[in-house]
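In: Sequence first, then the predicted structure, then my questions.
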Amino acid sequence: MTREEFERAYAKIVPAFDYRENNGVGIYTIPAFSAYPQIDHGFSARTGGVSTGCFSSLNLSFTRPEQRENVTENYRIFCEAANIPLDSMVLDHYEHGTTVLLVDRLDRGKGYSKPELPFCDGLVTDDPEVTLITGHADCMAFYFYDPKKQAIGLCHAGWRGALDRIGSEVIRMMRYGCKSEPADIVCGIGPSICPKCFEVGDDVADDFEAAFPQCDLRGVNAKGKATVDLWRVAAAQFMESGVKPENIHPMGVCTFEDTRLYSHRRDKGRTGGMAAYLRILKNS
Ligand SMILES: [Zn+2]
């Protein structure tokens, strides 16, 4: 794909999201995903939980220096608000890598009430007993749904994972594990640090330009520092893998700017974590 072809396709992609609160718990959703009655999905805001201070209040990360009981209770509150069966969750165990695991009902509880999965930034399943969960605090969540095979994928895509094409790895696992065809797959991008706010060193921007020459991903901010457009990087790897541009749906929400969200960079590391979720509904 040439840069002109990519930019022409990307220009037609319109970011969109919905936001709702249930018992004080905020949930962001992607309208194009909500349109499918066979799945449920969302992304948690930081509101409605029991954590205090810099973790206030719905911290869903067990790796932050706070009491495990608080996070466990936050998951209970979150699952109730989002109508997720608490015992159906399978949590990622991210390391900013590109490992994607195929999981099923035998993995339920891992990372929550049972020991964690091996390191993995992505999860794939076609089992309706499973809710996929990934953790975030500026890093993108990629959502994948194949309506033909009733298969789903979810991943944590920090800048390293995005650079190393974790999105393509999830699609590869859906092909291998669930017989999905990329042309059938619908992709979503959750809240993350936006193109304007993601300031990087020149070396990082150079790496992205070398890896994704087809897209106009580099910018300059008011301080004269380089910025990278991770949303374009996401779309570029989806398209490379055979996803149709009309099936790519970014939320367009910036974690750095939206104070309902935790931002690792804005809060200088002293912050909580949010969760993305995706599941196939049993009676679909
Ligand atoms: Zn921003």
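Out: Yep, it's here.
In: what sits against residue 256?
Out: 138, 193, 194, 197, 263, 265, 266 (C-beta atoms under 8 Å, 6 or more residues apart in numbering). (Glycine included, C-beta is placed from N, CA and C.)
In: If we use 10 Å, what do you get?
Out: For residue 256, the contact set (C-beta atoms under 10 Å, 6 or more residues apart in numbering) comprises 138, 191-194, 196-199, 263-267.
In: Would you mind measuring from residue 66 to residue 95?
Out: Remark: distance between residue 66 and residue 95 (C-beta to C-beta, to the nearest Å) = 21 Å.
In: coming back round to it: of the contacts of residue 256, list those near the ion.
Out: Filtering these for neighbours of the ion using C-beta under 5 Å from the ion leaves 194, 197.
In: ok, of the contacts of residue 256, which come out buried?
Out: By neighbour count, with 16 or more other C-beta atoms under 10 Å, the contacts of residue 256 hold 138, 191, 192, 193, 194, 197, 198, 199, 263, 264, 266, 267 as buried.
In: Next step: those restricted to strands.
Out: Of the buried ones among the contacts of residue 256, the ones assigned to strands by DSSP state E are residue 199.
In: Distance to residue 19 and pLDDT for the buried ones among the contacts of residue 256 - can I get that in TSV?
Out: Output for these, formatted as TSV (distance: C-beta to C-beta, whole Å; pLDDT from 0 to 100):
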residue	distance to residue 19	pLDDT
138	18	92
191	10	98
192	16	97
193	18	97
194	16	98
197	19	97
198	22	97
199	26	98
263	17	96
264	21	94
266	19	96
267	20	92
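In: Greatest separation within the buried ones among the contacts of residue 256: which pair is it?
Out: 191 and 199 (17.8 Å; C-beta to C-beta).
In: In space, what's closest to residue 127 - neighbours in sequence excluded?
Out: residue 104 (4.3 Å; C-beta to C-beta, 6 or more residues apart in numbering).
In: so what's the one you found up against?
Out: 90, 125, 126, 127, 129, 130, 177.
In: what residues are up against the closest residue to residue 225 other than its chain neighbours?
Out: Spatially, and ignoring its direct neighbours in sequence, residue 225 is nearest to residue 199 (4.8 Å; C-beta to C-beta, 6+ apart). By C-beta under 10 Å, 6+ apart, the residues touching residue 199 are 193, 205, 219, 220, 221, 223, 225, 226, 227, 228, 256, 265.
In: Verify the stated contact: the second one with residue 212.
Out: No - assessed by C-beta atoms under 10 Å, residue 205 is found out of contact with residue 212, at 11.2 Å.
In: quick one: common contacting residues for the two?
Out: Contacts common to residue 205 and residue 212, judged by C-beta under 10 Å, 6+ apart, are 218, 228.
In: Pick out whichever of the two has more residues nearby.
Out: residue 212 (24 against 20; other C-beta atoms under 10 Å).
In: Surely that one is in contact with residue 238?
Out: No - using C-beta under 10 Å, residue 212 makes no contact with residue 238, being 11.7 Å away.
In: which neighbours do those two share?
Out: Joint contacts of residue 212 and residue 238 (C-beta under 10 Å, 6+ apart) are residue 165.
In: Mind telling me what element residue 80 is part of?
Out: Following DSSP states H and E, one finds residue 80 within helix 68-82.
In: chain center to that helix, what's the gap?
Out: Centre-to-centre, helix 68-82 and its host chain are 19 Å apart (C-alpha atoms, centre = their mean, to the nearest Å).
In: Give the buried residues for that helix.
Out: Per 16+ other C-beta under 10 Å, helix 68-82 contains these buried residues: 70, 71, 74, 75, 77, 78, 79, 81, 82.
In: for the following helix or strand past that helix, packing partners?
Out: Per DSSP H and E, the first helix or strand lying C-terminal to helix 68-82 is strand 89-91. Applying 3 or more C-beta pairs under 10 Å, 6 or more residues apart in numbering; DSSP states H and E, we find strand 89-91 packed against helix 68-82, strand 122-125, strand 131-136, strand 274-280.
In: got the buried residues of helix 68-82 as CSV, with pLDDT columns?
Out: Putting the buried residues of helix 68-82 into CSV (pLDDT from 0 to 100) gives the following:
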residue, pLDDT
70, 97
71, 97
74, 98
75, 98
77, 98
78, 98
79, 98
81, 98
82, 98
